[in-house]
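S.K.: how would this look folded up:
(2 chains)
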Protein chains: 2
Amino acid sequence: MPQVRIGICAPSTPFSREDAARVSAVAAASHPDAELVFADQCYSSAGHFAGNDQERCDAFVRMANDTSLDAIWFARGGYGAARIAEDALQQLTDAASRKTYMGYSDGGNLLGALYRAGIGKQVHGSMPVDIQREGGVDAIRRALDWLVHQNPSALEEHVVPDQKYAAFNLMTLSMMVGTPLLPNLRDHVLMIEEISEYLYAFDRAMFNVTSHLSSAGLTGLRLGRVSAVPENDRPFGESEEEICQRWCARHGIDYLGRADIGHDAANKIVPFGMLPKQSA
Amino acid sequence: MPQVRIGICAPSTPFSREDAARVSAVAAASHPDAELVFADQCYSSAGHFAGNDQERCDAFVRMANDTSLDAIWFARGGYGAARIAEDALQQLTDAASRKTYMGYSDGGNLLGALYRAGIGKQVHGSMPVDIQREGGVDAIRRALDWLVHQNPSALEEHVVPDQKYAAFNLMTLSMMVGTPLLPNLRDHVLMIEEISEYLYAFDRAMFNVTSHLSSAGLTGLRLGRVSAVPENDRPFGESEEEICQRWCARHGIDYLGRADIGHDAANKIVPFGMLPKQSA
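M.R.: Model (predicted):
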């Protein structure tokens, strides 16, 4: 008998049936006590998106309100969650509050909005799409280790009990700044990661985010991996960590060091808020 | 005798002496009543920037406080102004309030901060770097037509008396959202333009900006050119104007149509606030 039923929908961009089958096979082998339920909406396509806004919103709401599901796993990022987050939250019922929600990248829009609203538990972690990466099987297993067993070995190594955390892709977070999706991050360690942005764009987003959060009461900030940085016509002149340290110092935020998160298969688990007591 | 002295500095990225000479030659031929004063700092280089933050800030402050100059023209955008804007503003004297400041793109950070602080007149318009564009001579002449003569023929065609305006590059504006650089835009027509962003990134920034400005009391929004959009692996599914109209409708902002601004030589002049009385 499956003990944990995980609903998978795509609030952003489409997933493929082939990859879904691969993820299901990995899960069946390593986590027989989990059942993965892929929404057909994962395979829908409308321009950039996995179906239009209504379709993506409906699929998420249906699964979040489904009392037979224990968790919602976002299939993939890519952009689109910000377009449905506010509408979706207005339609959630008590069943949505008893669930865990996992994803990262663009999925951070929904994680942030749910966390702000106090609906369920949010977890920054790998997604089904990571099966495409080298080492993707490990990423899927780690995500399931947390979703199914709350296994502490899946956690980012700096996550300790009695401390609040949140984790975001930096550009995603920057686009949440000044909107109703941004949660209250007082007393949180904020972890960020970035991919495929020029260092000047990373610097610019760090200006935006640290400026806005300078009076938010963060415990501190940790920098995950900044990967696939495009080569510009001239070197930026600072490393990603120097950029991060400078903006943190400028805006009175404690820089706490690196974090083991990123757009890669090694992306470790960061539950939002404090660890559940059984994992502490 | 020169009647209008224009100081040129580079708050963002470096300019070249060759281009400075070309701009000076254009100005000498078409606007003999103007004197262009290029700061040596324009030619400095430190990594991505036209000199380090201190150097760029000092050059701007020195020119802004120089009583012998009538206007400050930003040589070029590219990123960097956000790093010096707050420090610079704290050092400005009365002389800075009697000046006009012109630029666009990354220069919007300084235009916005100055406008918010009520220091001088801000103008969204072409920069010396536009000499590199096809039609660049026209862009330089149009900018000087406004800086030297406040010639109404240089104005964006929708700019009318007794209405307030502001104009920004969208990504620049998005990174100002939630920071102390963003001015109060109540009762303003906001014009935006974009370059070199995927349509999903344009959509994302429109989410951010219209969400934040939904309660700002804008008179409305006009969309300039959205140019050099990179080709994605699939079509976005909406045009730039459909994206703009949707987000405006969503966040209760009147969409007023297109604007004749953009990252190109046809970029027309948009003075911030209301037109000076002599031009109305």
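
S.K.: When you work out contacts or count neighbours from here on, use the C-alpha atoms and nothing else.
M.R.: Noted.

S.K.: Quick check: residue A:18 vs residue B:142, distance?
M.R.: In this structure, residue A:18 and residue B:142 are 57 Å apart, going by C-alpha to C-alpha, to the nearest Å.

S.K.: Neighbour count for the two, which is higher?
M.R.: The neighbour count for residue A:18 versus residue B:142, taken as other C-alpha atoms under 10 Å in any protein chain shown, is higher for residue B:142 (24 against 9).

S.K.: tell me the pLDDT at the closest residue to the more buried one other than its chain neighbours?
M.R.: Spatial nearest neighbour of residue B:142, excluding adjacent residues (C-alpha to C-alpha, 6 or more residues apart in numbering or on different chains): residue B:154 at 5.5 Å. At residue B:154, the model reports a pLDDT of 98.

S.K.: neighbours around residue B:154, how many?
M.R.: Residues within reach of residue B:154, counting by other C-alpha under 10 Å, total 21.

S.K.: List phi and psi for residue A:72.
M.R.: In this entry, residue A:72 is assigned phi and psi values of phi -120, psi 130 (degrees, to the nearest 10).

S.K.: I misspoke; the intended subject was residue A:195.
M.R.: According to degrees, to the nearest 10, the main-chain angles of residue A:195 amount to phi -150, psi 140.

S.K.: need the residues of the stretch 151-280 of chain A near chain B, please.
M.R.: If contact is defined as C-alpha under 8 Å from any C-alpha of the partner chain, the residues of the stretch 151-280 of chain A in contact with chain B are A:174-180, A:200, A:204-205, A:207-208, A:211-212, A:234-238.

S.K.: let's see 7 Å
M.R.: Within the stretch 151-280 of chain A, the positions adjacent to chain B are A:175-179, A:200, A:204-205, A:208, A:211-212, A:234-237 by C-alpha under 7 Å from any C-alpha of the partner chain.

S.K.: Pretty sure residue A:190 sits in a strand.
M.R.: Yes: secondary structure assignment (DSSP: H, G, I helix; E, B strand; the rest coil) places residue A:190 inside a strand.

S.K.: which ones are touching it?
M.R.: A:165-167, A:220-222 (C-alpha atoms under 7 Å, 6 or more residues apart in numbering or on different chains).

S.K.: same question, residue A:71
M.R.: Contacts of residue A:71 were listed using C-alpha under 7 Å, 6+ apart, and they are A:5-7, A:99-101.

S.K.: Of these, which belong to strands?
M.R.: In strands, judged by DSSP state E, the following of these are found: A:5-7, A:100-101.

S.K.: Nearest to chain B among the residues you listed?
M.R.: Distances from chain B to the ones in strands among the contacts of residue A:71, taken as C-alpha to the nearest C-alpha, are shortest for residue A:101 (22.1 Å).

S.K.: Tell me the bridge partners for the closest residue to residue A:167 other than its chain neighbours.
M.R.: Spatially, and ignoring its direct neighbours in sequence, residue A:167 is nearest to residue A:191 (4.5 Å; C-alpha to C-alpha, 6+ apart). Each beta-bridge partner of residue A:191 is listed here: residue A:167, residue A:222, as defined by DSSP bridges.

S.K.: So which residues of the stretch 151-280 of chain A form helices?
M.R.: Chain-ordered helices for the stretch 151-280 of chain A, with DSSP state H, counting those that start in this stretch as the definition, fall at A:170-176, A:199-213, A:240-250.

S.K.: how near is residue A:223 to residue A:249?
M.R.: For residue A:223, the distance to residue A:249 under the criterion C-alpha to C-alpha works out to 14 Å.

S.K.: Over to residue A:54?
M.R.: According to C-alpha to C-alpha, residue A:54 stands 43 Å off from residue A:249.

S.K.: swap in residue A:126?
M.R.: When C-alpha to C-alpha is the yardstick, residue A:126 and residue A:249 sit 30 Å from each other.

S.K.: Which residue of those two possesses the greater neighbour count?
M.R.: Remark: of residue A:126 and residue A:249, residue A:126 carries more neighbours, 33 against 13, as counted by other C-alpha under 10 Å.

S.K.: my guess is the more buried one meets residue A:138, correct?
M.R.: No: checked against C-alpha atoms under 7 Å, the pair residue A:126 and residue A:138 is beyond contact range at 9.7 Å.

S.K.: Please parse chain A into its domains.
M.R.: If the domains of chain A are taken from automatic domain parsing, they occupy A:4-153, A:164-258, with pieces of a single domain joined by a plus sign.

S.K.: Make a markdown table from these and add distance to residue B:133 to it.
M.R.: Supplementary listing: the domains of chain A in a markdown table, determined by distance: least, C-alpha to C-alpha, whole Å:
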| stretch | distance to residue B:133 |
| --- | --- |
| domain A:4-153 | 32 |
| domain A:164-258 | 18 |
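
S.K.: hmm, which two among the contacts of residue A:190 are most spread apart?
M.R.: A:167 and A:220 (11.9 Å; C-alpha to C-alpha).

S.K.: Could you check which of the two has the larger neighbour count?
M.R.: More neighbours sit around residue A:167 than around the other of residue A:167 and residue A:220, counting by other C-alpha under 10 Å; the figures are 31 against 19.

S.K.: Just list the residues touching the more buried one, thanks.
M.R.: Residue A:167 is in contact with A:124, A:190-192, A:270, counting by C-alpha under 7 Å, 6+ apart.

S.K.: Tell me, please, where in chain A the pLDDT is lower than the cut-off.
M.R.: A:1-2, A:278-280 (pLDDT under 70).

S.K.: and if we set it to 90?
M.R.: Applying pLDDT under 90 to the predicted model, the residue ranges of chain A that meet it are A:1-3, A:233, A:276-280.

S.K.: Could I get the full set of strands for it?
M.R.: Assignment of strands within chain A using DSSP E yields the ranges A:4-9, A:34-38, A:71-74, A:100-103, A:121-124, A:164-169, A:188-195, A:220-227, A:255-258, A:270-271.

S.K.: Run through the helices of the stretch 1-150 of chain A in chain order.
M.R.: A:17-30, A:53-64, A:85-89, A:94-97, A:108-117, A:136-149.

S.K.: Just say which of the helices of the stretch 151-280 of chain A is most tucked in.
M.R.: Ranked by mean neighbour count, these are led by helix A:170-176 with a mean of 25 (mean count of other C-alpha atoms under 10 Å in any protein chain shown).

S.K.: elements contacting it?
M.R.: In terms of contacts (3 or more C-alpha pairs under 7 Å, 6 or more residues apart in numbering or on different chains; DSSP states H and E), helix A:170-176 is packed against strand A:188-195, helix A:199-213, helix B:199-213.

S.K.: For residue A:115, find the nearest of the ones you listed.
M.R.: strand A:188-195 (12.5 Å).

S.K.: Phi, psi for the residue positioned nearest the centre of chain A please.
M.R.: For chain A, the residue lying nearest the average C-alpha position, counting by C-alpha atoms, centre = their mean, turns out to be residue A:104 (2.1 Å). Backbone dihedrals for residue A:104, given as degrees, to the nearest 10, come out at phi -160, psi -170.

S.K.: Correct me if wrong: it contacts residue A:122.
M.R.: No: the pair residue A:104 / residue A:122 is not scored as a contact, 10.1 Å apart, by C-alpha under 7 Å.

S.K.: Which two among the residues of the stretch 151-280 of chain A next to chain B are spaced furthest apart?
M.R.: Farthest-apart pair in those is A:179 and A:234; separation 33.9 Å (C-alpha to C-alpha).

S.K.: Who has more neighbours out of the two?
M.R.: Comparing residue A:179 with residue A:234 by neighbour count (other C-alpha under 10 Å), the higher total belongs to residue A:179, at 20 against 9.
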